[in-house]
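**Student:** 3D model of this:
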Amino acid sequence: MIDADDLVTALRSIEERLRDLAYDRLREAAAGDAEAAADEKKLLQARRAIEKAIRALGGAPEEF
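**Tutor:** A predicted model of the protein is given here:
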């Protein structure tokens with residue numbers, strides 16, 4: 001059975017993957033890719049939602 005700690009661990013992994021994708025898209029946007037800029041904004045929004053879910057489950061987002 002999955003408990004809140006397991007979910008927080010999984011969400012942290014997802015948050016990290018979203019952060020990496022957002023950085024990749026941000027680099028592409030800096031090179032002039034307008035679509036990448038829009039993608040980066042969506043990824044950032046999703047990452048913030050994951051961080052909110054982590055906090056709601058009693059965890060704290062990892063600091064980098």
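**Student:** what about the helices in this structure?
**Tutor:** Ranges of helices in the chain, per DSSP state H, are 4-30, 34-56.
**Student:** output those as JSON lines; include the columns mean neighbour count and mean pLDDT.
**Tutor:** Every C-beta, even on glycine, is put in place using the N, C-alpha and C of the backbone. Below are these laid out as JSON lines (neighbours: other CB atoms under 10 Å; pLDDT from 0 to 100):
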{"stretch": "helix 4-30", "mean neighbour count": "15", "mean pLDDT": "96"}
{"stretch": "helix 34-56", "mean neighbour count": "15", "mean pLDDT": "96"}
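**Student:** most centrally placed residue in this structure?
**Tutor:** For the chain, the residue sitting closest to the mean C-alpha position, by CA atoms, centre = their mean, is R47 at 2.8 Å.
**Student:** so it sits right up against R12, yeah?
**Tutor:** No - taking contacts as CB atoms under 8 Å, R47 lies outside contact range of R12: 11.2 Å.
**Student:** any idea how far the closest residue to L21 other than its chain neighbours lies from L18?
**Tutor:** What sits nearest to L21 in space, not counting adjacent residues and going by CB to CB, 6 or more residues apart in numbering, is L43, at 5.3 Å. As judged by CB to CB, to the nearest Å, L43 and L18 stand 5 Å apart.
**Student:** again with K52
**Tutor:** Using CB to CB, K52 is found at 13 Å from L18.
**Student:** equivalent analysis for L11, please.
**Tutor:** 10 Å.
**Student:** who touches both of these two?
**Tutor:** Residues touching both L11 and L18 by CB atoms under 8 Å, 6 or more residues apart in numbering: I50.
**Student:** give the contact list for the residue lying closest to R47 once chain neighbours are set aside.
**Tutor:** Nearest-residue entry for R47: L18, 4.1 Å, with adjacent residues in sequence omitted and distances by CB to CB, 6+ apart. Counting by CB under 8 Å, 6+ apart, L18 makes contact with L43, A46, R47, I50.
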